[in-house]
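Peer 1: Below are the sequence and a predicted model; questions follow.
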Amino acid sequence: MSTPLIYVGQVMHHRLFPKSHRFNYSNYFFRFPVVDLDALKNSLFSLERFNLFSFYQKDHGARDGSSLDVWARTLLRANQINTVDGEIVLYALPRVLGYVFNPVSFWFCHDAQGDVRAILCEVNNTFGERHIYLLAQPEQQPIEEGQALSCKKIFHVSPFMATEGSYRFNFHWKDKAVFCINHHDDAGNLLLATALSGQPSSYNSRNLLKLFMRFFWLTAAVVLRIHWHAFLLWSKGLKFFRKPAPPNQKISR
């Protein structure tokens, strides 16, 4: 069983069309096995109760506080993914002073030999909606670092992006973490490039305190920045797309 890790790095968005718009911010996220959430507990980090940092199972998965490990394995089996018999780890932001918003969380699903067989991208928008993109090889072969994976975009996120085209994913995780999601139109043109990256460090009270002192504002800043950059895009005259009804299916592959 792997131990929790803290990653500190950057988040980058670069919109290329119809007008260029780019930002890059310092960022952090955690990695931990969902079957052993007790490993997160210490004086500064609590489960299911308030602390400087905290984690609530109802923020992910079934959203009812039930086991995240059971939820993920049930979802995989329902989608005919039968090779995940190893550890499932979650990359996500925790709650800070009781608040969190994760634009996207990543679930890496391993086999018993430690190979990644599936990745769940749990996407949230600011309208309180969620969608799961399930990524796996056609024959459930191991997913390799740097391998391109794709999925049709069907979930509304930004009011300045049409809900069409496709996402192309690219992941590195064995040393530093680099997760790239690029949005292409139906002709294959790159519209938006995004990347989340981080260097791992030990999970302990000292590093948690340093993280809080440096980034105590981060979880609230995520939502503030989303709205600030929406205003900047509006001021540049980009077309506004009204929010469509959410997709009927909660999961796409």
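Peer 2: Arrived safely, thanks for sending.
Peer 1: What's opposite the closest residue to residue 16 other than its chain neighbours in the beta bridge?
Peer 2: Once flanking residues are discounted, residue 16 sits nearest to residue 190: 5.8 Å by Cβ to Cβ, 6 or more residues apart in numbering. For every residue, glycine as well, the C-beta is placed using N, CA and C. Residue 190 forms beta bridges with residue 184, as assigned by DSSP bridges.
Peer 1: Mind telling me what element the residue most central in space within the chain is part of?
Peer 2: Taking Cα atoms, centre = their mean, the centroid of the chain lies closest to residue 105, which sits 2.2 Å from it. Assessed by DSSP states H and E, residue 105 sits inside strand 104-110.
Peer 1: Tell me which other helices or strands that strand touches.
Peer 2: Identification of packing neighbours for strand 104-110 by 3 or more Cβ pairs under 8 Å, 6 or more residues apart in numbering; DSSP states H and E yields helix 68-78, strand 88-92, strand 116-124.
Peer 1: again, 10 Å this time
Peer 2: Counting contacts by 3 or more Cβ pairs under 10 Å, 6 or more residues apart in numbering; DSSP states H and E, strand 104-110 is packed against strand 21-33, helix 68-78, strand 88-92, strand 116-124, strand 130-135, strand 166-172, strand 177-184, strand 190-202.
Peer 1: Number of residues surrounding residue 237?
Peer 2: Neighbour count of residue 237, defined by other Cβ atoms under 10 Å: 9.
Peer 1: I figured it was touching residue 19, is that so?
Peer 2: Yes: with contact defined as Cβ atoms under 10 Å, residue 237 counts as touching residue 19 (7.6 Å).
Peer 1: picking that back up, now that the residue nearest to the centre of the chain has come up, it's in contact with residue 60, right?
Peer 2: Yes: with contact defined as Cβ under 10 Å, residue 105 reaches residue 60; the gap is 6.4 Å.
Peer 1: Spit out the residues that contact these two alike.
Peer 2: Contact criterion Cβ atoms under 10 Å, 6 or more residues apart in numbering; residues shared by residue 105 and residue 60: 90, 92, 120, 122, 124, 130.
Peer 1: ok, the closest residue to the fourth one other than its chain neighbours - contacts?
Peer 2: When you say that, I think you mean residue 122. Residue nearest to residue 122 in three dimensions, not counting chain neighbours: residue 105, with 4.4 Å by Cβ to Cβ, 6+ apart. With contact set as Cβ under 10 Å, 6+ apart, residue 105 has these partners: 29, 59-61, 90-93, 120-124, 130, 132.
Peer 1: Same list, the helices and strands packed on strand 104-110, but as a markdown table with mean pLDDT, mean neighbour count and distance to residue 150 please.
Peer 2: Output for the helices and strands packed on strand 104-110, formatted as a markdown table (pLDDT from 0 to 100; neighbours: other Cβ atoms under 10 Å; distance: least, Cβ to Cβ, whole Å):
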| stretch | mean pLDDT | mean neighbour count | distance to residue 150 |
| --- | --- | --- | --- |
| strand 21-33 | 97 | 17 | 23 |
| helix 68-78 | 97 | 17 | 19 |
| strand 88-92 | 98 | 22 | 20 |
| strand 116-124 | 98 | 21 | 12 |
| strand 130-135 | 98 | 20 | 8 |
| strand 166-172 | 98 | 18 | 5 |
| strand 177-184 | 98 | 19 | 8 |
| strand 190-202 | 98 | 17 | 13 |
